[in-house]
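K.L.:
Fold the stuff below for me.
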Amino acid sequence: METQLSGLINHLQHIGIPVTNMNKSVTFYTQLGFTKVMESSFNEEGETGTCVMLQNKKLILELYQLPERKLEAIRDRQDGHIDHITFNVSDIDMAFATLKNLSFQIIEEQPVFLPFWKNGCKYFNILGPDGERLEFNQIL
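P.N.:
So this is what the prediction gives:
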């Protein structure tokens with residue numbers, strides 16, 4: 001069924017996974033054939049976190065480590081944790097406006113810039129029916 005949103009998503013961009021030990025996680029996924037393609041820090045409520053993108057063919061994993069005080073919730077999980085699924089879009093502002101006009105539950109007030117990749121990226125998230133986060137991302 002064709003909808004207004006049919007041409008919005010180009011492909012699955014990445015899967016976000018919070019980690020408690022970046023070096024250990026990068027080593028693990030490297031052993032599975034992934035290669036580090038990007039590393040950057042980010043601000044999390046005034047503290048610094050780390051993000052690493054790993055790629056194997058067309059699949060990208062985003063590993064991110066939150067500041068120490070935020071890691072307990074992740075450490076307490078016994079069954080792992082995939083945090084979000086990200087869709088690649090070619091026009092983040094149009095995607096944001098379209099989803100807002102269709103009354104999707106958008107978490108951010110506007111697309112957010114991150115200093116990831118060569119020229120940065122912009123993203124925003126919506127919530128699915130069971131609270132799952134779906135990220136829309138444009139690499140600039």
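K.L.:
For this structure, which residues score under the pLDDT cut-off?
P.N.:
Residue ranges of the chain with pLDDT under 70: 1-4, 73-80, 129-130.
K.L.:
how about the helices in it?
P.N.:
Applying DSSP state H to the chain gives helices spanning 22-31, 72-76, 92-101.
K.L.:
Please tell me how far the residue nearest the centre of the chain sits from Ser6.
P.N.:
For the chain, Gly16 is the residue whose C-alpha lies nearest the centre (C-alpha atoms, centre = their mean; 4.9 Å). Per C-beta to C-beta, to the nearest Å, Gly16 is found 25 Å from Ser6. For glycine as for every other residue, the C-beta is placed from the backbone atoms N, C-alpha and C.
K.L.:
Please apply the same query to Lys100.
P.N.:
From Lys100 across to Ser6, the span is 18 Å (C-beta to C-beta).
K.L.:
ditto for Phe96
P.N.:
17 Å.
K.L.:
which of these two has more neighbours?
P.N.:
Applying other C-beta atoms under 10 Å to Phe96 and Ser6 shows that Phe96 carries more neighbours, namely 23 against 8.
K.L.:
Can you get me a residue count around Tyr123?
P.N.:
23.
K.L.:
let me redo that: Gln65
P.N.:
21.
K.L.:
just Ser40 next, same as before
P.N.:
If you count neighbours by other C-beta under 10 Å, Ser40 ends up with 16.
K.L.:
Tell me who's in contact with it.
P.N.:
Applying C-beta atoms under 8 Å, 6 or more residues apart in numbering to Ser40 gives the contacts 50-51, 114-116.
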